[in-house]
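Novice: Pasting a predicted model and its sequence here:
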Amino acid sequence: MSNKNTSEIKFLVELDENRVPEKLMWSAKDGGVELEEAKAIMLSVWDSKAKESMRIDLWTKDMPVDEMKIFFHQTLVAMSETFKRATDDEKMADTMKDFCDYFAEKLDLKK
């Protein structure tokens, strides 16, 4: 790498004897995060050569299903916001948000 500034994000995955995640930890020193525990991680990486997404989806075996549903909803909402910022396509971002509302309603996440 050149002399440019860099930033590092690390994930530590503790596995059981069957290679199932028992503990997830992450660090992002620039963000003030050092070995914080997480119950789930969803990471997407764009491969521009192959023109496809590569994904890592991990969750611990003690991640509650009700929390997983909330995690998915919040991730979908964040994706719609990121989509708007990245593409400036307000119409599709609004459509995505409508789906997020539908998703939350069907899972009874909205109080």
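Specialist: Here it is on my side, so go on. Numbers count the residues shown, from 1 in each chain.

Novice: Find me the pLDDT at the closest residue to Glu90 other than its chain neighbours, would you?
Specialist: Nearest non-adjacent residue to Glu90, counting by C-beta to C-beta, 6 or more residues apart in numbering: Lys84, 6.2 Å away. Every residue, glycine included, has its C-beta placed from N, CA and C. Looking at Lys84, its pLDDT reads 98.

Novice: now do Ser2
Specialist: 65.

Novice: before we move on, what about Asp30?
Specialist: The score at Asp30 is 93. That number is its pLDDT.

Novice: same thing with Ala78?
Specialist: pLDDT for Ala78: 97.

Novice: which residues does the residue positioned nearest the centre of the chain contact?
Specialist: The chain has Met42 as the residue nearest its centroid, 3.7 Å off, counting by C-alpha atoms, centre = their mean. Neighbour list for Met42: Arg55, Ile56, Asp57, Thr75 [criterion: C-beta atoms under 8 Å, 6 or more residues apart in numbering].

Novice: hmm, which two among the residues you listed are most spread apart?
Specialist: Spatially, the most separated pair among the contacts of Met42 is Ile56 and Thr75, at 13.6 Å (C-beta to C-beta).

Novice: Give me the subset of the contacts of Met42 that lies in strands.
Specialist: Arg55, Ile56, Asp57 (DSSP state E).

Novice: what about the first one, how many residues close to it?
Specialist: By the other C-beta atoms under 10 Å criterion, the neighbourhood of Arg55 contains 9 residues.

Novice: mind listing what it touches?
Specialist: Neighbouring residues of Arg55 by C-beta under 8 Å, 6+ apart: Met42, Leu43, Ser44, Val45.

Novice: do the same with the second one
Specialist: Taking C-beta under 8 Å, 6+ apart, we find Ile56 in contact with Ile41, Met42, Leu43, Val45.

Novice: Right, I'll leave it there.
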